[in-house]
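Engineer: I would like the atomic coordinates for the input below:
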Amino acid sequence: MGSISRPITEFCLDLYNKLNRNSEGANIVFSPMSISVALALIHLGTRNNTAAQIEKVLHVQKAAGRMSPGSDLESAAPEMEPEISQERQPSLSQCNKDGGLDHKAFQALLLQLQNLGERYVLTLANNLFIQKGFELRQQFLMCTEELYGAMLQTVDFHGAAEDARMKINAWVESETQGKIKDLFAPGVISTRALLVLVNVIYFKASWEHKFEEQKTVQRDFKLNQNEKKPVQMMYQKGMFKLGYVEEVGAQILELPYAQKSLSMVILLPGDTADGSTSGLGQIESMMTDENLMLWTSSEHMFETKVEVYLPRFKLEGTFNLNEVLQEMGMTDIFTESKADLSAMSFAKSLVLSNVVHKTYVEVNEEGTVAAAGTGAVIVRRSLPLTEVFLADHPFLFFIRYNPTNTILFFGKLCSP
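Structural biologist: Residues are numbered from 1 along each chain as shown. From the prediction side, this is the model:
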């Protein structure tokens with residue numbers, strides 16, 4: 001199960017580097033886990049080179065050895081299906097194709113994340129909207145619903161693109177409890193669209209130790225060398241895991257959510273004398289899967305008394321991922337002459353039109369997105385040494401599912 005956390009981290013860092021290229025001074029937030037799940041869902045409908053490219057982008061090809069489902073059921077799946085024979089009922093065992101992508105591992109992770117307890121809300125929703133008139137394979141429909149809970153919907157992009165856009169937006173808004181509105185702006189969906197993949201994630205949790213609201217005060221946040229802006233800075237003092245990355249002079253703090261199932265991990269560059277953000281670039285240049293694992297490992301982080309100053313913030317990230325995914329190597333699926341979506345549909349002309357991802361993350365005294373919940377107050381004996389963690393300049397953060405070390409969200413906060 002933990003075997004997919006590493007590919008997700010590798011994909012996360014690839015994607016962050018691409019999104020970050022032209023984003024100096026800009027906030028970024030996305031969910032690598034959510035996007036990986038969406039691409040795995042599409043993978044079910046692909047064959048040949050189109051499938052191989054998705055596996056490569058998701059870093060599951062080289063992981064195939066350690067991720068192989070270990071079952072010979074896959075070989076039972078015939079290469080070509082008959083033109084929907086009603087007698088042969090598709091079976092779940094045929095969902096996993098040969099190759100590196102273990103759909104059962106994704107399904108197991110999703111099941112765990114859907115059962116985090118009442119102090120968490122984690123809604124992850126995928127939907128494929130397809131131009132009406134395309135006949136879909138029963139096997140594909142069954143696998144997407146069974147493994148990923150995705151419901152395929154037919155819309156009329158060609159004849160009523162605006163109605164299709166409104167239908168998709170309404171679905172997204174209901175799935176995210178009203179937090180994500182108007183995912184597609186008017187005119188974004190063209191009348192030539194055939195297949196649109198929509199992937200949204202909504203997360204709400206309480207901190208294990210909440211910040212007291214009366215201790216939140218206005219402080220300056222250094223945007224860069226020359227600019228500051230007043231922010232609402234939360235404060236608490238308690239026992240937290242803290243680490244230090246010598247090479248880049250950065251502090252790492254782990255703030256657990258309720259029951260410690262998930263944590264927010266913050267990578268804070270050393271505060272340079274001139275207030276510049278060069279420290280952020282140093283962390284980014286050293287960020288590899290191995291280093292992230294090392295920096296946040298229990299050997300590297302120690303529990304100590306920490307005074308934590310953290311700004312309240314709310315981030316929304318909306319990305320049309322078509323271009324980025326093509327740069328990462330997923331080219332065929334967007335190209336009419338090359339896309340092989342023959343495991344999804346009998347049509348030869350089907351291509352992927354849009355991949356849109358939207359994330360909403362809010363951090364306040366209660367937790368991430370205000371949620372009611374009571375936490376027991378634990379009084380700890382005082383230690384003489386108190387570390388200070390003052391997040392008053394740009395930092396990186398990620399939200400991790402601790403049992404499998406899976407990064408659910410990754411972001412950069414430059415301006416709260």
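
Engineer: Could you check how far the longest strand along the chain is from the centre of its chain?
Structural biologist: Longest strand of the chain, by residue count under DSSP state E: strand 228-245. Using CA atoms, centre = their mean, to the nearest Å, the mean C-alpha position of strand 228-245 is found 24 Å from that of the whole chain.

Engineer: in its sheet, what does the following helix or strand past it sit against?
Structural biologist: Helices and strands here follow DSSP states H and E; after strand 228-245, the next one along the chain is strand 250-256. Paired with strand 250-256 in the same sheet, following DSSP bridges, are strand 228-245 (antiparallel), strand 262-268 (antiparallel).

Engineer: And the contacts of the helix or strand where residue 411 lies?
Structural biologist: According to DSSP H and E, residue 411 maps onto strand 406-413. Residues from elsewhere that reach strand 406-413, judged by CB atoms under 8 Å, 6 or more residues apart in numbering: 2, 4-5, 8-9, 12, 16, 20, 23, 26-34, 109, 113, 122, 201, 203, 262, 280, 311, 313, 315, 317, 359, 361, 394-401. Where C-beta positions appear, they are placed from N, C-alpha and C, glycine not excepted.

Engineer: hmm, which of those residues are the buried ones?
Structural biologist: By neighbour count, with 16 or more other CB atoms under 10 Å, the contacts of strand 406-413 hold 4-5, 8-9, 12, 16, 20, 27-34, 109, 113, 122, 201, 203, 262, 280, 311, 313, 315, 317, 359, 361, 394-401 as buried.

Engineer: Can you list which of those residues are found in helices?
Structural biologist: Among the buried ones among the contacts of strand 406-413, the ones falling in helices (DSSP state H) are 5, 8-9, 12, 16, 20, 32-34, 109, 113, 280.

Engineer: Name the nearest of those relative to residue 171.
Structural biologist: residue 34 (15.7 Å; CB to CB).

Engineer: which residues touch the closest one?
Structural biologist: 124, 199-201, 357, 359, 408.

Engineer: and those, which of them are in strands?
Structural biologist: Per DSSP E, the subset of those in strands is 124, 199-201, 357, 359, 408.

Engineer: Show me which helix or strand of the chain is least confident by mean pLDDT.
Structural biologist: helix 64-67 (a mean of 40; mean pLDDT, DSSP states H and E).

Engineer: confidence score at the residue lying closest to residue 117 once chain neighbours are set aside?
Structural biologist: In space, and not counting its chain neighbours, residue 117 is closest to residue 259: 6.2 Å by CB to CB, 6 or more residues apart in numbering. On pLDDT, residue 259 comes in at 87.

Engineer: hmm, who's touching stretch 240-252?
Structural biologist: So stretch 240-252 is contacted by 253-255, 265-270, 279, 282-283, 286, 295-296, 300-304, 306, 308, 387, 389 (CB under 8 Å, 6+ apart).

Engineer: For that stretch, buried residues please.
Structural biologist: 240-243, 245, 248, 250-252.

Engineer: which stretches of the stretch 51-200 of the chain form helices?
Structural biologist: Along the stretch 51-200 of the chain, the segments classed as helices by DSSP state H, counting those that start in this stretch run 64-67, 103-113, 138-148, 157-175.

Engineer: Tell me which of the ones you listed approaches residue 208 most closely.
Structural biologist: Each of those was scored for nearness to residue 208 using CB to CB, and the closest is helix 103-113 (18.0 Å).

Engineer: Give me the buried stretch members for the closest one, please.
Structural biologist: Buried positions in helix 103-113, judged by neighbour count with 16+ other CB under 10 Å: 103-107, 109-110, 113.

Engineer: Now residue 127: closest residue in space that isn't a chain neighbour?
Structural biologist: Counting by CB to CB, 6+ apart, residue 198 is the residue found nearest to residue 127 once chain neighbours are left out, at 5.1 Å.

Engineer: Just grab the bridge partners of that neighbour for me.
Structural biologist: Residues in beta-bridge contact with residue 198 (DSSP bridges): residue 127, residue 356.

Engineer: residue contacts, it?
Structural biologist: 125-129, 168, 171-172, 183, 356.

Engineer: List buried residues within those residues.
Structural biologist: Buried subset of the contacts of residue 198 (neighbour count, 16+ other CB under 10 Å): 125-129, 168, 171-172, 183, 356.

Engineer: Now do the end-to-end distance for stretch 203-223.
Structural biologist: Using CA to CA, to the nearest Å, one end of stretch 203-223 lies 27 Å from the other.

Engineer: what's stretch 151-165 in contact with?
Structural biologist: By CB under 8 Å, 6+ apart, the list of residues contacting stretch 151-165 reads 127-132, 134, 136, 141, 144-145, 167-168, 171, 184, 186, 188-194, 196, 353.

Engineer: Buried ones among those?
Structural biologist: Applying 16+ other CB under 10 Å to these flags 127-131, 134, 136, 141, 144, 168, 171, 184, 189, 193-194, 196, 353 as buried.

Engineer: Would you confirm that the residue nearest to residue 117 belongs to a strand?
Structural biologist: No. The assignment for residue 259, made by DSSP: H, G, I helix; E, B strand; the rest coil, is helix rather than a strand.

Engineer: what about it, how many neighbours?
Structural biologist: When neighbours are counted by other CB atoms under 10 Å, residue 259 registers 15.

Engineer: cool, and residue 297?
Structural biologist: Close neighbours of residue 297, defined as other CB under 10 Å, add up to 11.

Engineer: Name the helix or strand for it, please.
Structural biologist: Under the criterion DSSP H and E, no helix or strand holds residue 297.

Engineer: With distance to residue 336 and pLDDT added, can I get the contacts of residue 198 in JSON lines?
Structural biologist: As requested, those are exported to JSON lines (distance: CB to CB, whole Å; pLDDT from 0 to 100):
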{"residue": "125", "distance to residue 336": "28", "pLDDT": "83"}
{"residue": "126", "distance to residue 336": "24", "pLDDT": "85"}
{"residue": "127", "distance to residue 336": "23", "pLDDT": "86"}
{"residue": "128", "distance to residue 336": "18", "pLDDT": "87"}
{"residue": "129", "distance to residue 336": "18", "pLDDT": "89"}
{"residue": "168", "distance to residue 336": "22", "pLDDT": "91"}
{"residue": "171", "distance to residue 336": "27", "pLDDT": "90"}
{"residue": "172", "distance to residue 336": "27", "pLDDT": "88"}
{"residue": "183", "distance to residue 336": "25", "pLDDT": "86"}
{"residue": "356", "distance to residue 336": "20", "pLDDT": "85"}
